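In: coordinates only, sequence not included:
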């Protein structure tokens, strides 16, 4: 970041100060204005601008919990550069604990947005125009949708060398190679030349202490590596790299009983779970089709034939 004035949402952000701005989204039908709080900590010294963002899906509360802890521990107060925190991006969905925007759209499929589009598209456009240009690095916090429970992981493209380097520094249990999805926040920011890490951990509508701890520690590692804060990078173990993956789906409908822990390495033909009926007449074991790591489990108690149950690595 240069010595030029640092302007965000039309306001100059002073050095060495904590500034809270409100990104105005829209008005409810009650005429109540809905605003997204943006917390900016700018140091006295030059350095990169890092955005920590959560809640692009309103029911993904683990990410909100991660940024809340980062703020509580003052990890977001940099010695160099600037850290911007947006703990709740989709404020509409967060209020009623739903994934979508009020117009029924997935905000993470609306980027870069349009000034004259749907409500979600207009909001995406406002972010892309007003905030995205000034940032250098982004950590975007997500969880599994619904009852899909993700092991703590960083997702990035294997061809993005800068993101992959920081993913290793983050040091999650798993690093999953995945291509950018068209019209997603990650895809848009990547095309703008930004370095993006997408964190996945836990499932919707929960505050999982293990996942939150992984997110906080990993973010701290990245901020240390980028020179924004001081400290020692903590390495707990070598991450498992998932180069390819497939979903193991239910062959039958019924009650779903899980027999394996998320994040486990399992051998071919090991029993992963059981599907059974409520009357004690039917029981179907689910076997691992090959040696693999499990990095997501659908923890819904009732499944239908064809439902995705276990996300497996393919070596």
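Out: Arrived safely, thanks for sending. What you see is a predicted model; the values in this text were computed from it and never measured.
In: show the contacting residues for residue 51.
Out: 84, 85, 86, 131, 135, 137, 138, 139 (C-beta atoms under 8 Å, 6 or more residues apart in numbering). Glycine gets a C-beta too; all of them are placed from N, C-alpha and C.
In: leaving out sequence neighbours, find the closest residue to the fourth one.
Out: Okay, so that is residue 131. Nearest non-adjacent residue to residue 131, counting by C-beta to C-beta, 6 or more residues apart in numbering: residue 8, 7.0 Å away.
In: hang on, the one you found packs against residue 22?
Out: No. If you go by C-beta atoms under 8 Å, residue 8 and residue 22 don't touch, sitting 11.5 Å apart.
In: neighbour-wise, which of those two wins?
Out: Neighbours of residue 8 and residue 22, each counted by other C-beta atoms under 10 Å, are more numerous for residue 8; the result is 20 against 12.
In: pLDDT score for the more buried one?
Out: Residue 8 carries a pLDDT value of 95.
In: tell me which element residue 85 is part of?
Out: Per DSSP states H and E, residue 85 falls inside strand 82-86.
In: sorry, slip of the keys, the one I care about is residue 214.
Out: helix 209-225.
In: show me what the mean pLDDT comes to for that helix.
Out: Helix 209-225 comes out at a mean pLDDT of 98.
In: rewinding a little: shared neighbours, residue 8 and residue 22?
Out: residue 38.
In: in its sheet, what does the strand holding residue 85 sit against?
Out: Here strand 82-86 has these sheet partners by DSSP bridges: strand 33-42 (antiparallel), strand 49-54 (parallel).
In: quick one: mean pLDDT over stretch 88-96.
Out: pLDDT averaged over stretch 88-96 gives 93.
In: do stretch 24-43 as well
Out: pLDDT averaged over stretch 24-43 gives 86.
In: swap in stretch 254-263?
Out: Per-residue scores along stretch 254-263 average to 98.
In: in that stretch, what counts as buried?
Out: 254, 256, 258, 260, 262, 263 (16 or more other C-beta atoms under 10 Å).
In: leaving out chain neighbours, which residue sits closest to the last one?
Out: Looking back up the chat, that one is residue 263. That would be residue 151: by C-beta to C-beta, 6+ apart, it lies 4.1 Å from residue 263.
In: cool, and the first one?
Out: Spatially, and ignoring its direct neighbours in sequence, residue 254 is nearest to residue 275 (4.3 Å; C-beta to C-beta, 6+ apart).
In: can you get me a residue count around that neighbour?
Out: Residue 275, neighbours per other C-beta under 10 Å, totals 22.
In: please tell me how far residue 292 sits from residue 129.
Out: 43 Å (C-beta to C-beta, to the nearest Å).
In: ignore the last one, residue 199
Out: Counting by C-beta to C-beta, the gap from residue 199 to residue 129 is 25 Å.
In: the more surrounded of those two?
Out: Higher neighbour count among residue 199 and residue 129: residue 199, with 27 against 12, using other C-beta under 10 Å.
In: does that one belong to a helix, a strand or coil?
Out: strand (DSSP: H, G, I helix; E, B strand; the rest coil).
In: what bridges to residue 196?
Out: With DSSP bridges as the rule, residue 196 is bridged to residue 138.
In: residues making contact with stretch 28-39?
Out: Counting by C-beta under 8 Å, 6+ apart, 8-9, 18-27, 71, 76, 84-89, 91-92, 131 sit against stretch 28-39.
In: of those, buried ones?
Out: Using 16+ other C-beta under 10 Å, the buried members of the contacts of stretch 28-39 are 8, 19, 21, 23, 25-26, 71, 76, 84-89, 91-92, 131.
In: among the residues you listed, which are located in strands?
Out: 8, 19, 21, 23, 25, 26, 84, 85, 86 (DSSP state E).
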